[in-house]
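Asker: Sequence below, structure please.
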Amino acid sequence: MDIRAITPDYAVSPQIEPGDLPAIKAAGYTTVIDNRPDGEIPPHLHTDQMRAAAEALGLTFVANPVIGGAMTMDNVTAQGAAIAASSGPVFAYCASGNRSSVVWALAQAGKRPADELIGLPARFGYQLEHLRPQIEALAQG
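Answerer: Next up is the predicted model:
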């Protein structure tokens, strides 16, 4: 598992296993967001299994499946709501961490400068510059 802290309160990661959840909790995260559709992954990593493992540890678990290349505003709104509702730092995962970074950046549009929303994920190799027009439009919205 590779926790990539975009901010002190939001981190992303490539796909995790149930056995990674104790370390996520020990690192101080209180909410886990699954941005991976079940159709992309083996059954032992599906939402229901991950939710049960997370909740058994007292973590809040949110399923917000983002289909690669087909992210919706509902995904952005759901991610923002889960972040806002969290009692502490949020850990989000997908296949590589990219979708979890993109949906975070769009959900935070207007709350942070576009340069931060693009630059913070770039430290981990997530290239979001192409989203600048969307981020700026959402910030105006």
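Asker: Look up the pLDDT of the closest residue to V62 other than its chain neighbours for me, please.
Answerer: Leaving aside its chain neighbours, V62 sits nearest to A82 (4.3 Å; criterion: CB to CB, 6 or more residues apart in numbering). In this view, the C-beta of every residue, glycine as well, is placed from N, C-alpha and C. What the model reports for A82 is a pLDDT of 98.
Asker: quick one: whichever strand or helix holds A82 to chain centroid distance?
Answerer: Here A82 sits within helix 73-85, counting by DSSP states H and E. Its chain's C-alpha centre and that of helix 73-85 lie 10 Å apart, by CA atoms, centre = their mean, to the nearest Å.
Asker: Now do the contacts for the residue nearest to V62.
Answerer: For A82, the contacting residues are T31, I33, V62, N64, V90, by CB atoms under 8 Å, 6 or more residues apart in numbering.
Asker: Run a quick check on the last one versus A11, I expect a contact.
Answerer: Yes: under the criterion of CB atoms under 8 Å, V90 is in contact with A11, at a separation of 7.3 Å.
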